[in-house]
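K.L.:
Sequence and computational prediction follow.
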Amino acid sequence: MSKSNKSTESSQEKPFPVDGNFDIHNDPHDKPLSDTSQDNPAYIIIGSIPIPLFRNNLKNQSLPFSTKSSTHKEAELLSRYDHLPSPPATGNKKIKRNRVDLGSVRTSQENCGKSSCSSGFECSSSFIETSPTTNFTSTTHHKESLQHSHFAKKNKVVYAGIPHSSYNNLVYASADHESDSPVSFLKFKPYDICFRRKRNSPLIRSALIDKSEEIYFGGQVGDIKDTILRPEMVHIVKTCRKLGLGHGGFYQPSFASGAKLRLKMMCLGLDWDPQTKSYGNKRVIDGSQPRSIPYLFTKLVMRAIKDAHCLINKECGVTYVEDILPSMSPDICIVNFYTTNGRLGLHQDRDESKESLQKGLPIVSFCIGDSAQFFYGDHRDVEKAENVLLESGDVLIFGGESRHVFHGVSSIIPYSAPNELLKDTGLLPGRLNLTFRQY
Ligand SMILES: O=C(O)CCC(=O)C(=O)O
Ligand SMILES: [Fe+2]
């Protein structure tokens, strides 16, 4: 963990543009990447107390490569939760949301780290086709071109006669069969967060082995509390991939201004619409219904909170741990996938219900894949923000007093994902992040 620039005063706050006009290219945080130490601990913020969860010797703790099939491993994993009650059903909600300041760009040339693309996995994102109304062809995930949105109406995505090309994985459909609206919704070409495996390709091994065991092996997790174990991460990646390829899958969101978020997003439980900054139970972009949060995800969140409570009790000697970190039961999960040049500007998560915010119900964030430089602070000022390196398997929790912390992702560290995870999942270069919330 590396921290810097503790923010204590607000008088010098710089005005911060809202609605995605933050030019992330000029983000002063966009500086050369720092070294990533193998000793980086997992990390949680509880109340105003940042608590590092130190790993043991990570190399020794990495799980032995199992000869069992991953399906078997996943079945085993799921069976650990069989005795637990099912999560509550998500009710129908259409709620005003007020999330602010998501970092975005008007243009992006995303590049997934080309050397990995010779890894022997096949990139199925390469099936993205030319929008029927533009000359723009996005052939692979290496190239995501400048595009603008033309949403004609709130809550309805209408093809307005001009190229709607905000989303590079879109095509048009006369009426989405999952929708009850007669308007023409955009239909998605799926964005695949994983390479498709080619069997027995020698390139797989060479590319993965070439990757920096000595530098980034710290991304592996052992049996440390509040981190996600490797089989769980594999399960999460595979599940997100599957969900992301279906209805309500990954897309690149943009704001009404045309500015795009520099990530792919998929919402589970409820959908968050960056244009209206509100949650709803239908995706505005294509009329599809967000998929439910998988049961295992919910269980992992609950486990993370429970472990955090134990830690607060132990480290801080607090008996009424809920006073510092309230429990929550997630009904929203925002899944972000950042390619290696993905970012997210400094923002607060404040579009959940008033009650949820007042109670300080925590955000629980799972990090999988490449590491990220995460920045946070009391003020909307990137220069005063502190940094922490979040690695694969880390869980970050901010609740209680820290619920309104400004936070964002200043950079993704290429080739920092644990090799075993890549081998097991074929995850594209980049970072998968899941943030769980209770509305
Ligand atoms: O990717 C992360 O670590 C943060 C994501 C986040 O802040 C958000 O989705 O609101
Ligand atoms: Fe956030």
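P.N.:
Now that the structure is in, tell me what you want to look at. Ligands and ions are numbered 1, 2, ... in the order given.
K.L.:
which residues pair with the residue of the chain found nearest ligand 1 across the strands?
P.N.:
The shortest separation between the chain and ligand 1 is 3.5 Å, found at Asn433 (distances taken as CB to the nearest ligand atom). C-betas here are computed from N, CA, C, even on glycine. Here Asn433 shows beta-bridge partners Asn336, Cys367, assigned using DSSP bridges.
K.L.:
was I right about it contacting Gly342?
P.N.:
No. Here Asn433 lies out of contact with Gly342, judged by CB atoms under 8 Å, at a distance of 9.5 Å.
K.L.:
Get me the contact residues on the stretch 301-439 of the chain for ligand 1.
P.N.:
By the rule CB under 6 Å from any ligand atom, the part of the stretch 301-439 of the chain lying against ligand 1 is 334, 336, 344, 349, 365, 372, 374, 407, 409, 433, 435.
K.L.:
now the residues you listed in CSV, with neighbour count and distance to Leu263?
P.N.:
Converted to CSV, those look like this (neighbours: other CB atoms under 10 Å; distance: CB to CB, whole Å):
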residue, neighbour count, distance to Leu263
Ile334, 21, 10
Asn336, 23, 5
Leu344, 24, 6
Asp349, 23, 15
Ser365, 24, 14
Ala372, 27, 11
Phe374, 23, 14
His407, 24, 14
Val409, 25, 8
Asn433, 24, 8
Thr435, 17, 12
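K.L.:
quick one: which two of these are the most distant?
P.N.:
Using CB to CB, the two most remote members of these are Asp349 and Ala372, lying 16.3 Å apart.
K.L.:
C-terminal to the helix or strand bottoming out on mean pLDDT in the chain, what's the next element?
P.N.:
Among the helical and strand segments of the chain, the one scoring lowest on mean pLDDT, DSSP states H and E is helix 213-216, with a mean of 20. For helix 213-216, the succeeding helix or strand toward the C-terminus, using DSSP states H and E, is helix 230-245.
K.L.:
Mean confidence (pLDDT) on that following helix, please.
P.N.:
Across helix 230-245, the average pLDDT comes to 95.
K.L.:
So which elements touch the helix or strand just after that helix?
P.N.:
Taking DSSP H and E as the definition, the helix or strand that follows helix 230-245 towards the C-terminus is strand 260-261. Secondary structure elements in contact with strand 260-261, counted by 3 or more CB pairs under 8 Å, 6 or more residues apart in numbering; DSSP states H and E, are strand 104-105.
K.L.:
just the helices in the stretch 251-400 of the chain please.
P.N.:
Along the stretch 251-400 of the chain, the stretches classed as helices by DSSP state H, counting those that start in this stretch are 295-316, 321-324, 354-359.
K.L.:
can you tell me which of these comes nearest to Leu389?
P.N.:
helix 295-316 (18.7 Å).
K.L.:
and that closest one, which residues are buried?
P.N.:
296-305, 307-309, 311-312 (16 or more other CB atoms under 10 Å).
K.L.:
Can you give me every residue that contacts Lys242?
P.N.:
Contacts for Lys242 (CB atoms under 8 Å, 6 or more residues apart in numbering) come out as none.
K.L.:
what does the model give Val388 for pLDDT?
P.N.:
With respect to pLDDT, Val388 scores 89.
K.L.:
Repeat that for Arg80.
P.N.:
Looking at Arg80, the pLDDT reads 44.
K.L.:
Ser356 now?
P.N.:
Model confidence at Ser356, expressed as pLDDT, equals 98.
K.L.:
again, but for Pro132
P.N.:
Here, the pLDDT recorded for Pro132 equals 32.
K.L.:
and if you look at Val284?
P.N.:
Reading off the per-residue confidence, Val284 sits at a pLDDT of 87.
K.L.:
surely it meets Asp273?
P.N.:
Yes. Distance between Val284 and Asp273: 4.7 Å, which falls inside the contact criterion (CB under 8 Å).
K.L.:
Next, the contact list for Thr435, please.
P.N.:
Taking CB under 8 Å, 6+ apart as the contact definition, Thr435 lies against 333-334, 336, 349, 363-366.
K.L.:
wait, Arg431
P.N.:
Counting by CB under 8 Å, 6+ apart, Arg431 makes contact with 337-338, 342, 367-372, 409, 412, 417.
K.L.:
Which of the residues you listed fall in strands?
P.N.:
Judged by DSSP state E, the contacts of Arg431 include 337-338, 367-369, 371-372, 409, 412 as members of strands.
K.L.:
can you name the two of the residues you listed that are farthest apart?
P.N.:
Spanning the widest gap among the ones in strands among the contacts of Arg431 are Phe337 and Ser371, at 14.6 Å by CB to CB.
K.L.:
Show the contacting residues for the closest residue to Cys240 other than its chain neighbours.
P.N.:
Here the nearest residue to Cys240 in space, its sequence neighbours aside, is Val335; by CB to CB, 6 or more residues apart in numbering that works out to 5.6 Å. Neighbour list for Val335: 240, 243-244, 250, 265-268, 432-434 [criterion: CB under 8 Å, 6+ apart].
K.L.:
Now rank the residues you listed by neighbours and give me the top one.
P.N.:
Leu432 (28 neighbours; other CB atoms under 10 Å).
K.L.:
so that residue makes contact with Ile236?
P.N.:
Yes. Distance between Leu432 and Ile236: 7.4 Å, which falls inside the contact criterion (CB under 8 Å).
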